[in-house]
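K.L.:
could you look at this predicted model? Sequence included:
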Amino acid sequence: MTKILDQHPSVVLLGRPAFDVDRALSALRQENLEWRRTPGATEAEELIEFAGRMCYLSFGDKQSPRSNSAYIHRLIAQGHESVLEHAAWTFLLRGVTRAFTHQLVRHRVGFAFSQLSQQYADQSGARFRMPRALRQSERLQSLWLKTIDESQSVYREILSELEDQLEQADPAVAKEESRSVRSAARSVLPEATEAVIVFTANARALRHFLRTRGGIVGDEEMRLVAAAVLRLVHKEAPAVFADFSIVDVDGLPLVQSSD
Ligand SMILES: Cc1cc2nc3c(=O)[nH]c(=O)nc-3n(C[C@H](O)[C@H](O)[C@H](O)COP(=O)(O)OP(=O)(O)OC[C@H]3O[C@@H](n4cnc5c(N)ncnc54)[C@H](O)[C@@H]3O)c2cc1C
């Protein structure tokens, strides 16, 4: 029986910036500098502010009365965004498709990716995501389900037949032969196959991703993932993502940017 994903993609925050404020303050004291910090700023926000202030040693007497959030907004407004790269977050994505991850990994700058390998992991029990547009037509839904089901059956057949032959193979080459067999089998899997991916992105790269990808009305998965990521980083570093918001359009979230 083909397994269909009926939940929204899952986005789990796995890693966040850690800022050792005691060491930062101690380093400043060695230079006879003092930092007037903003109460309530998050570690990510303080790390960014500290890095920005280091550029001009704007601590103590040289420090403007700006709050952490005003300081970060000014960095962004001035285009001094390399400072944002010090803060990065790691996410686990499940329930997305290979089509989606193919788009995600096009983001080359400030991102790192680790995706479940279809050459290694058996996809006989893989799940599939049905695009929302198909829900309007029962006929297309059943055609889609039939095609997905057939693809997965052929996948299992290729694997079963070619892996039987592998059992007689020289163990020294078995690993590469198995890779070759799974590559052959996966060639019939559709783009709707579920992918699992861990990605890390810094704040500057995430802002670029949210701006370019989060607001494309016809891209359901991007919208869902971008909105879920934004909800998480809004809590992690509200000052960095204050110019992004989420609206509801057609029952799905859409990320908007005010710039
Ligand atoms: C609506 C839409 C439609 C798309 N359609 C297609 C499509 O049909 N076919 C397709 O192949 N892709 C398509 N893409 C993907 C798109 O071309 C980008 O590959 C993807 O969005 C990643 O964006 P990026 O290159 O800005 O990101 P990153 O690779 O993360 O780069 C970030 C920024 O760094 C700078 N940069 C990065 N690399 C270089 C470089 N080599 N030289 C100079 N500056 C650089 C640029 O300013 C860039 O914006 C589409 C994207 C969108 C949003």
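P.N.:
Everything's here; your move. It should be emphasised that the depicted structure is a prediction, and the values quoted were computed from it without experimental measurement.

K.L.:
against the ligand, how distant is residue 226?
P.N.:
11 Å (C-beta to the nearest ligand atom, to the nearest Å). C-beta coordinates here come from the backbone N, C-alpha and C atoms, glycine included.

K.L.:
who touches that residue in this structure?
P.N.:
Neighbouring residues of residue 226 by C-beta atoms under 8 Å, 6 or more residues apart in numbering: 209-210, 213-214, 255.

K.L.:
recalculate using a threshold of 10 Å.
P.N.:
If you count contacts by C-beta atoms under 10 Å, 6 or more residues apart in numbering, residue 226 has them with 11, 206, 209-216, 219, 244, 246, 253-255.

K.L.:
and what of residue 178?
P.N.:
119-120, 159, 162-163, 166, 169.

K.L.:
what helix or strand is it on?
P.N.:
In the assignment (DSSP states H and E), residue 178 maps to helix 171-186.

K.L.:
what are the phi and psi values at residue 125?
P.N.:
When read as degrees, to the nearest 10, the backbone of residue 125 gives phi -110, psi 20.

K.L.:
what about the closest residue to it other than its chain neighbours, how many neighbours?
P.N.:
Closest residue to residue 125 apart from its sequence neighbours, by C-beta to C-beta, 6 or more residues apart in numbering: residue 3 at 6.9 Å. Look at residue 3: counted by other C-beta atoms under 10 Å, it has 12 neighbours.

K.L.:
who's residue 3 bridged to?
P.N.:
residue 127 (DSSP bridges).

K.L.:
any part of the host helix or strand of residue 255 near the ligand?
P.N.:
Element membership for residue 255 (DSSP H and E) is strand 252-257. No. Contact of strand 252-257 with the ligand (C-beta under 6 Å from any ligand atom) is absent, the minimum separation being 12.3 Å.

K.L.:
give the buried residues for that strand.
P.N.:
Neighbour-count burial for strand 252-257 flags 253-256 (criterion: 16 or more other C-beta atoms under 10 Å).

K.L.:
what sits up against that strand?
P.N.:
8, 132, 207, 209-217, 219-220, 222-231, 241, 243-249.

K.L.:
averaged pLDDT, that strand. What do you get?
P.N.:
Strand 252-257 shows a mean pLDDT of 97.

K.L.:
what do you get for stretch 57-71?
P.N.:
Mean predicted lDDT for stretch 57-71 stands at 92.

K.L.:
now do the same end-to-end measure for it.
P.N.:
14 Å (C-alpha to C-alpha, to the nearest Å).

K.L.:
centre of the chain to that stretch, how far?
P.N.:
32 Å (C-alpha atoms, centre = their mean, to the nearest Å).
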